[in-house]
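K.L.:
With the sequence up front, the predicted model follows.
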Amino acid sequence: MDCVFCKIINKEIPAKVVYEDDQVIAFHDANPQAPIHLLIVPKEHIASILDIDEENSEVLKDIFRVAQNIAKENNIDKKGFRLVVNTGEEGGQTVHHLHFHLLGGRFLTWPPG
Ligand code: AMP
Ligand code: ZN
């Protein structure tokens, strides 16, 4: 499958990986939008939020645990951060493998652009 995140998971292309286990991988976004911008990705290819179901949703718990740990490790747990899932064309999704952007290290404006 021609999926850039599956290729990262399969070590076919490099990434700056900060965390990995059997279910989840986290790595630096190649085009960071904040001082801390990591992507937390289930290893199973799930195309988007719309494809989460009873069978594959267990990984969401792992993703939130990884997000907590990464926020603490980067000392943004108390300052604050944002966890974002872009979905579909108007949502700004460009990679069709579910991923959570963890953004922090600066004041994040609301509403987003
Ligand atoms: P989205 O637009 O929400 O689908 O997010 C996709 C994100 O993946 C963007 O922020 C890109 O900068 C990032 N990205 C795309 N290719 C790579 C890559 N090879 N390594 C790391 N991040 C990537
Ligand atoms: Zn994939």
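P.N.:
Structure received. Values in this document were obtained by computation on a predicted structure and should not be read as measured data. Ligands and ions are numbered 1, 2, ... in the order given.
K.L.:
Pull out the buried positions in the top strand by length along the chain.
P.N.:
Counting residues, the longest strand found in the chain (DSSP state E) is strand 36-42. Residues of strand 36-42 classed as buried by neighbour count (16 or more other CB atoms under 10 Å): 36-42. To be clear about C-beta, it is placed using only N, CA and C from the backbone, and glycine gets the same treatment.
K.L.:
tell me what whichever helix or strand comes after that strand is packed against?
P.N.:
Once the chain leaves strand 36-42, the next helix or strand it forms, by DSSP states H and E, is helix 59-73. Contact analysis of helix 59-73 by 3 or more CB pairs under 8 Å, 6 or more residues apart in numbering; DSSP states H and E lists strand 17-20, strand 24-28, strand 36-42, strand 100-104 as its packing neighbours.
K.L.:
Identify, from the buried residues of strand 36-42, the entry nearest to ligand 2.
P.N.:
For these, the minimum distance to ligand 2 (CB to the ion) is 8.3 Å, reached by Val41.
K.L.:
is it true that that closest one touches Ala26?
P.N.:
Yes: using CB atoms under 8 Å, Val41 is in contact with Ala26, at 7.0 Å.
K.L.:
quick check: mean pLDDT across the longest strand of the chain?
P.N.:
Strand 36-42 shows a mean pLDDT of 98 in the predicted model.
K.L.:
rewinding a little: take the helices and strands packed on helix 59-73 and write them to TSV, including distance to Ala67.
P.N.:
Listed next are the helices and strands packed on helix 59-73 as TSV, based on distance: least, CB to CB, whole Å:
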stretch	distance to Ala67
strand 17-20	10
strand 24-28	8
strand 36-42	6
strand 100-104	6
